[in-house]
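S.K.: need a structure here:
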Amino acid sequence: MLTVALVALLATAAAAQRADRAWARTAYNESRFDEAVEAALAAQKVPATSDAATVVLSRAYLERYRQRANPADLAGARVQLGTVRIANLDARDHIDYLMALGEALFFEDDYGAAAAMFESGLDTAVANGPVTGEAMLDWWGSASERQADALDRPAREALFARMRDRMA
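M.R.: Next comes the predicted model:
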């Protein structure tokens, strides 16, 4: 009897953990970034959802940075990204992790590194679906374009030729 009660309790706790993470992702997807931050902070406290919640938290901080240009949000995202154990991420969370790393680099004007990060996740993002694939492609194109601005004409042409070939 005690074993059954313990299993039921653990199952309930696991469901609550997944619910916190799911709530954080839902709030993020609905552009409610302050709520996403709060929900991700709650989900971070649970070892089973900590790393995935940290990815959502980082992305919410980055979106708030885009909206408000508050350097604390960018710094918060960077700190959080540095704590993620990627081995604990599922495929979808790994795509979001690469996206967040690329965005953080982009916002720090490191366009070449950002482009490389986005490109590294492009195939997986495209395989995940059109919305995710288009988002990664858009970021990759934007970072590559900014990177090309700093290059001389031959290097810029080579970069764009490589992009064209990669997209084909």
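S.K.: give me the low-pLDDT residue ranges for the protein?
M.R.: 1-18 (pLDDT under 70).
S.K.: what about the strands in it?
M.R.: Read by DSSP state E, the chain holds no strands at all.
S.K.: now the helices for the protein?
M.R.: Listed in chain order, the helices of the chain (DSSP state H) span 2-29, 33-44, 50-68, 71-81, 91-107, 111-120, 122-128, 130-149, 153-167.
S.K.: and the second one, what's buried?
M.R.: For helix 33-44, the buried set under the neighbour-count rule, 16 or more other Cβ atoms under 10 Å, comprises 33, 35-44. C-beta: built from backbone N, CA, C; applies to glycine.
S.K.: now the end-to-end length of stretch 83-98.
M.R.: 14 Å (Cα to Cα, to the nearest Å).
S.K.: then stretch 86-96?
M.R.: For stretch 86-96, the first-to-last residue distance is 11 Å (Cα to Cα).
S.K.: what's the most buried one of the helices of the chain?
M.R.: helix 50-68 (a mean of 23; mean count of other Cβ atoms under 10 Å).
S.K.: alpha carbons of it, as PDB, please.
M.R.: What follows is helix 50-68, C-alpha atoms only, in PDB (Å, rounded to 0.1, in the frame of the first residue of the first chain):
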ATOM      1  CA  SER A  50      16.000  22.600 -14.800                       C
ATOM      2  CA  ASP A  51      18.000  22.700 -18.000                       C
ATOM      3  CA  ALA A  52      15.000  23.000 -20.300                       C
ATOM      4  CA  ALA A  53      13.600  25.700 -18.100                       C
ATOM      5  CA  THR A  54      16.900  27.500 -18.200                       C
ATOM      6  CA  VAL A  55      16.700  27.600 -22.000                       C
ATOM      7  CA  VAL A  56      13.200  29.000 -21.900                       C
ATOM      8  CA  LEU A  57      14.300  31.500 -19.300                       C
ATOM      9  CA  SER A  58      17.300  32.600 -21.400                       C
ATOM     10  CA  ARG A  59      15.100  33.100 -24.500                       C
ATOM     11  CA  ALA A  60      12.600  35.100 -22.500                       C
ATOM     12  CA  TYR A  61      15.400  37.300 -21.200                       C
ATOM     13  CA  LEU A  62      16.600  37.800 -24.800                       C
ATOM     14  CA  GLU A  63      13.100  38.700 -26.000                       C
ATOM     15  CA  ARG A  64      12.800  41.200 -23.200                       C
ATOM     16  CA  TYR A  65      16.200  42.600 -24.200                       C
ATOM     17  CA  ARG A  66      14.900  43.100 -27.800                       C
ATOM     18  CA  GLN A  67      11.800  44.900 -26.500                       C
ATOM     19  CA  ARG A  68      13.400  47.000 -23.700                       C
END
